[in-house]
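Chemist: just the structure for this:
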Amino acid sequence: MRGGRVAALEYSTVFSALTLIGLFVFGSLSAYYFSFYRELGLTPSNVGLAQGEVLARAAYWLGSLVLAMVFLLALLGSLALVVVQFVRWLRRRLNRPPPQRLPRVFRRVRPFLPPAECWVLAALVLVIALLQQTSLPLLDAAVVLILFWPLGHVLGRNRGRRRLSIVVFSLLCLALILLTLGQQGKQDAEHLEKTGVARDTAQLMGIEHVYAVPQFAAEVAPRGYRQGRMLVLLGSGTDDTYALYDCAEGQVYRVYTGQVSLHVFVPQPNPSEPEGAAALSRLQCR
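Modeler: Numbers count the residues shown, from 1 in each chain. Alright, predicted model coming up:
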């Protein structure tokens, strides 16, 4: 019975952790998509990206993250095992007893060190700063660590407050991720507006876009559009409309599917290749 209870507790903890990570992933993707398409005057649903699709992508990202974590833990565990075995072998070779003073010093200093939540939040800030290529990523992480160090000690004095500490820092991490990805989505949309090319970050987040030359019906041709000019089809479209971005005019056209025919270029032009550069020149971005 005791072993069964322990196993049930472990399964419950794992399930809770996966649910929390899933909420993080779903919220992050939603924030990015909303910010990206809002910059273009659209919503995710306008390009066929409903909540069910976002949830499916979140499940895919969650599965990939779990596999990556398992692989990383296995790798780090193997490395730690090698290091531990090497240290034991070295001590046996030197025939020295393990030091007794260092554990005592560590036990005295440990209550004053930042709790694990602070280190996780600082590490998250460091990773985000490195991805955004800021000038002083270590300084940003150090500032966050110092600011939330006292909060971690106040909340973590007993077991009840320890749980509150985890909740508070989880919410802070979620807010930081949502804010960062929202800003990143806006920057990626601005890059698409200027160049007609989606960044690697946008493609990694699942932003769908293809280049197409539309043939509009005479009565619905957008004002300012010149026949034969290439446009960017955003997303896969809905059941009744397409969202087409015109680089030259800086406008998004929402056209009924029955009023336009698209000649899509597959595969997408690569800007690094001459043919891709020639195709992108037809976008005539401002």
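
Chemist: what average pLDDT does whatever helix or strand Leu121 lives in get?
Modeler: When elements are assigned from DSSP states H and E, Leu121 belongs to helix 116-132. Average pLDDT, helix 116-132: 79.

Chemist: how far does that helix sit from its chain's centre?
Modeler: Using C-alpha atoms, centre = their mean, to the nearest Å, we find the averaged C-alpha position of helix 116-132 to lie 13 Å away from the chain's own average C-alpha position.

Chemist: which strands and helices lie in contact with it?
Modeler: Where contact means 3 or more C-beta pairs under 8 Å, 6 or more residues apart in numbering; DSSP states H and E, helix 116-132 is packed against helix 137-155, helix 159-195. The way it works is simple: take the backbone N, C-alpha and C, and place the C-beta from them, glycine included.

Chemist: low pLDDT regions in the stretch 101-250 of the chain?
Modeler: Applying pLDDT under 70 to the predicted model, the residue ranges of the stretch 101-250 of the chain that meet it are 101-103, 105-106, 131-134, 156-160.

Chemist: can you give me the helices for the chain?
Modeler: Counting by DSSP state H, one finds helices in the chain at the ranges 2-39, 51-94, 101-109, 116-132, 137-155, 159-195, 200-204, 274-281.

Chemist: what's the helix holding Leu121 in contact with?
Modeler: 114, 136-138, 140-142, 144-145, 148-149, 152, 156, 165-166, 168-169, 172-173, 176-177, 180, 184 (C-beta atoms under 8 Å, 6 or more residues apart in numbering).

Chemist: of those, grab the buried ones for ChimeraX.
Modeler: The buried residues among the contacts of helix 116-132 can be selected in ChimeraX (16 or more other C-beta atoms under 10 Å) with this line:
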select :114,137,140,141,144,145,148,149,152,156,165,166,168,169,172,173,177,180,184
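
Chemist: confidence score at Tyr11?
Modeler: pLDDT, Tyr11: 60.

Chemist: apologies, that question was intended for Leu280.
Modeler: According to the per-residue confidence, Leu280 scores 68 in pLDDT.

Chemist: of all the helices and strands packed on helix 116-132, which one is nearest Leu65?
Modeler: Minimum separation from Leu65 across these (C-beta to C-beta) falls at helix 159-195, 13.0 Å.

Chemist: and that closest one with helix 137-155, angle?
Modeler: Relative orientation of helix 159-195 with respect to helix 137-155: 150 degrees, computed using axes from the mean of the first three to the mean of the last three C-alpha atoms, to 10 degrees.
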